[in-house]
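[1] When you get a sec, could you give me coordinates for this:
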Amino acid sequence: MAKEEIKKLVENSKKTLDADYDNFVKSVNDDLTSFKKKTLDRI
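    Prediction:
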């Protein structure tokens with residue numbers, strides 16, 4: 001019983017981490033795009 005619960009918790013944690021990672025990557029890419037636009041507008 002305990003093994004199954006631990007296995008389920010680990011799987012849920014992995015899904016959460018994957019989602020957080022994807023959101024982080026998207027956020028960084030959006031920031032870079034925004035920065036590029038601002039820099040080009042100034043030139």
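
[2] Quick one: the strands in the chain, in order.
    Here the chain has no strands by DSSP state E.

[3] Low-confidence regions, it specifically.
    Within the chain, the segments meeting pLDDT under 70 span 1.

[4] middle-most residue in the protein, spatially?
    residue 21 (2.4 Å; Cα atoms, centre = their mean).

[5] could you measure it against residue 8, distance?
    Residue 21 sits 21 Å away from residue 8, taking Cβ to Cβ, to the nearest Å as the criterion. No exception for glycine: its C-beta is placed from N, CA and C like everyone else's.

[6] Check residue 24 too.
    25 Å.

[7] Check residue 18 too.
    Following Cβ to Cβ, the distance that separates residue 18 from residue 8 is 16 Å.

[8] Also residue 36?
    In terms of Cβ to Cβ, residue 36 sits 43 Å off from residue 8.

[9] what do you get for residue 41?
    Taking Cβ to Cβ, one finds residue 41 at 50 Å from residue 8.

[10] which one of the two has more residues nearby?
    residue 8 (10 against 7; other Cβ atoms under 10 Å).

[11] The more buried one: what's it in contact with?
    The contact partners of residue 8, by Cβ atoms under 8 Å, 6 or more residues apart in numbering, come to none.
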